[in-house]
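Asker: I'll drop the sequence and a predicted model, then ask my questions.
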Amino acid sequence: MDPHEQPEQDELTEAQCAELRSDLVSLQAELERHINVGSESAETVDLDAPIGRLTRMDAMQRQQMAAETLRRQSVRLAQVRAAIKRIDTTDLFGLCQRCEEPIGMRRLSARPEAPICMTCQRAQETRR
Ligand SMILES: [Zn+2]
């Protein structure tokens, strides 16, 4: 059996929770910084600059990619903020918001802002 397929049932200890909270706070700062820089660079692509057609298409493509990155970072930032709020105002942090099972420390150390467990995440991705 693939070890990654084993369900994780570990509830978070207070220390783990504190550790994840500090991860979330630095992640929040990092994302805010990226989003500030990103929205500047998405705006400063000058499409009227005297450049070749291919370069211009290139610039537009880069701009679109920057906008997409920015969108994904904003979604993640919202999840990070929600996770911090969940730690501060509830004792439900670390539990899946869909099935209420523990999300598991392994997944949370990779993505502390994850609102749902791996099983629900997979189910959601398969439905798409
Ligand atoms: Zn779940």
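Answerer: Thanks, I have it.

Asker: can you tell me the helix or strand for Cys99?
Answerer: In this structure, Cys99 sits in neither a helix nor a strand according to DSSP states H and E.

Asker: That one reaches Gln121, doesn't it?
Answerer: No. Judged on C-beta atoms under 8 Å, Cys99 makes no contact with Gln121 at a distance of 10.8 Å. All C-beta atoms are positioned from the backbone trio N, CA, C, and that covers glycine.

Asker: Look at those two and report which has more neighbours.
Answerer: Neighbour count, other C-beta atoms under 10 Å: between Cys99 and Gln121, Gln121 has more, with 17 against 12.

Asker: and the gap between that one and Ala110?
Answerer: Going from Gln121 to Ala110 by C-beta to C-beta, to the nearest Å gives 12 Å.

Asker: same thing with Gln97?
Answerer: For Gln97, the distance to Ala110 (C-beta to C-beta) stands at 18 Å.

Asker: Now do the helix or strand containing Gln73: which elements does it pack against?
Answerer: Using DSSP H and E, the element containing Gln73 is helix 53-89. With contacts taken as 3 or more C-beta pairs under 8 Å, 6 or more residues apart in numbering; DSSP states H and E, helix 53-89 sits against helix 14-43.

Asker: Kindly report the residues of this structure close to the ion.
Answerer: Contact residues, the chain versus the ion (C-beta under 5 Å from the ion): Cys96, Arg98, Cys99, Cys117, Cys120.

Asker: Spatially central, which residue of this protein would that be?
Answerer: Computing the C-alpha centroid of the chain and ranking residues by C-alpha atoms, centre = their mean puts Arg76 first, at 3.3 Å.
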